[in-house]
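Engineer: Here's my sequence, what's the structure:
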Amino acid sequence: MIPIKEFDASPVRSRSPRKRRLSLSEVLIMSIETLWSNKLRTLLTMLGVIIGISSVITITSVGQGIQRSTELQIEALGTNVMLVSAGAARTGGISQGSGSASTLIWEDAKAIATQVPAAKSVSAFLQRGGIQIVRGDTNISTTLLGTDLTYPVMKNIHPQLGLFFNQGDLDAGRPVAFLGSTVRNELFTANETAIGADIRIRGKRYTIVGIAESKGSAGGQDLDDLIYIPLTNMSAQIVGNNALNGIAINGFWLEANDADQLNSAQFQVTNILRLRHGIHLGLPDDFRITNQVDIINTFANVIGSFTIMIGAIAGISLVVGGIGIANIMLVSVMERTREIGIRKAVGATSTDILSQFLTESIVISTIGGAIGVALGVGLAFGAASIFKYPFIVPLWSVGAGFGLSFIVGILAGGIPARNAAKLDPIAALHSE
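Structural biologist: Purely as a prediction, here's the structure:
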């Protein structure tokens, strides 16, 4: 007999082919191809991120550029310089502003120059704005500044033509004038000689002895729209409010030996002026001291707060951009439900689907972030070129731009990608 082989009646277990996960490069290529096939929709989706990132970078750059420009202008006056101003007059309990009262005299400034060890130099001044200047048929309004001989040295004022007035002019109170370049250009044509010519100030004749080099503008104020005359002449002929015990001044500038001695100089000035003015303990000062370093720090804090506030507002665009990306990705999942079903049917895993949709979202936000950074830098450079302040783009703002766009992509694409990965392939294939 032929032996009969035993038959194995156990059920045959079919082996499904092993699924291969897509590589990162394959997922990236597929995502880019999908986005490229819907170029207009992709671009519109990027707009929110582009606007948000470019706004943050532009605002940050403009804020720091303006801050640095102002710091340079203040530093040009010297970080070891402070201004002592006369006190404010009060009318009906209302302050008329610093310098409106004759609480400082020239002798105060001279005393400070000799009695304060930390003081390198001291310069007193009298200032009046809106003074009418007449030459022939030309009539202009400008600021008149009565100074001593230390003022041009301390404030870096240099003659372009002629000379600043001298000690003899100051002692005798002679009617001589040193013009800023703006005033010269308003009173004379380019071919006319200003040196030695006469102008009338408040009906009195003054001889021009020099023209200052241009200093430009600071804080919207034209630094060349000035006329300098001897302090003694200003007090006697223009202001006419000499104090009973000396020549009244609006204030004086003090230059310390170095920036580290500025606080020491301020303390010494305060004590000396209080003693000279007979101000008893507990009573307020009748003068005001403004420290250049304090001005820089205050301005930096104001600009910093303003930049943060505007940057936060611009950051709302990023949130809007993220919502736009999430919305488009959710719509994309609904539109591509059948495609997802086919891909799962032929072996794509849920991880593959999740990776592709998440990658698409990240690509949209990252490319949008790159465009936003480039646009922001371009706008910042254009603003700096137009308004003439330093072009500064902080590296942290660029890094933050890319980082935020990447995070927005992950957050906005997370839920749509998860929804796509959870789709049942059979239900997906039957969807319309």
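Engineer: Any idea how far the helix or strand encompassing residue 369 is from the middle of the chain?
Structural biologist: Residue 369 is part of helix 350-387, with elements assigned from DSSP states H and E. On the basis of C-alpha atoms, centre = their mean, to the nearest Å, helix 350-387 sits 25 Å off its chain's mean C-alpha point.
Engineer: Now do it: which elements does it pack against?
Structural biologist: helix 24-36, helix 39-77, helix 292-335, helix 337-345, helix 395-421 (3 or more C-beta pairs under 8 Å, 6 or more residues apart in numbering; DSSP states H and E). (Each C-beta comes from the backbone N, C-alpha and C, glycine too.)
Engineer: can you give me the angle that helix makes with helix 395-421?
Structural biologist: Helix 350-387 runs at 150 degrees relative to helix 395-421, counting by axes from the mean of the first three to the mean of the last three C-alpha atoms, to 10 degrees.
Engineer: picking up where we left off before, the helices and strands packed on helix 350-387 into CSV, with extra columns for mean pLDDT and mean neighbour count?
Structural biologist: CSV is the format used below for the helices and strands packed on helix 350-387 (pLDDT from 0 to 100; neighbours: other C-beta atoms under 10 Å):
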stretch, mean pLDDT, mean neighbour count
helix 24-36, 76, 15
helix 39-77, 79, 20
helix 292-335, 73, 16
helix 337-345, 75, 17
helix 395-421, 77, 19
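Engineer: Kindly reformat those helices as a markdown table containing distance to residue 375.
Structural biologist: Listed next are the helices and strands packed on helix 350-387 as a markdown table, based on distance: least, C-beta to C-beta, whole Å:
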| stretch | distance to residue 375 |
| --- | --- |
| helix 24-36 | 20 |
| helix 39-77 | 4 |
| helix 292-335 | 12 |
| helix 337-345 | 34 |
| helix 395-421 | 10 |
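Engineer: I'd like to know which of those helices lies nearest to residue 359.
Structural biologist: Closest to residue 359 of the helices and strands packed on helix 350-387, according to C-beta to C-beta: helix 24-36, at 4.3 Å.
Engineer: Nearest the geometric middle of this protein, what residue?
Structural biologist: The centroid of the chain falls nearest to residue 63 when counting by C-alpha atoms, centre = their mean (2.4 Å).
Engineer: coming back round to it: out of the helices and strands packed on helix 350-387, flag the one nearest residue 195.
Structural biologist: Checking the helices and strands packed on helix 350-387 against residue 195 by C-beta to C-beta gives helix 39-77 as the closest, at 26.9 Å.
Engineer: Direction included, what does the helix or strand just after the closest one pair against?
Structural biologist: Downstream of helix 39-77, the first helix or strand assigned by DSSP H and E is strand 81-86. Here strand 81-86 is paired, per DSSP bridges, with strand 251-256 (antiparallel), strand 287-291 (antiparallel).
Engineer: packing partners for the strand or helix carrying residue 139?
Structural biologist: Residue 139 is part of strand 138-147 when elements are defined by DSSP H and E. Under the contact definition 3+ C-beta pairs under 8 Å, 6+ apart, strand 138-147 sits against strand 119-135, helix 181-187, strand 226-230, helix 231-233.
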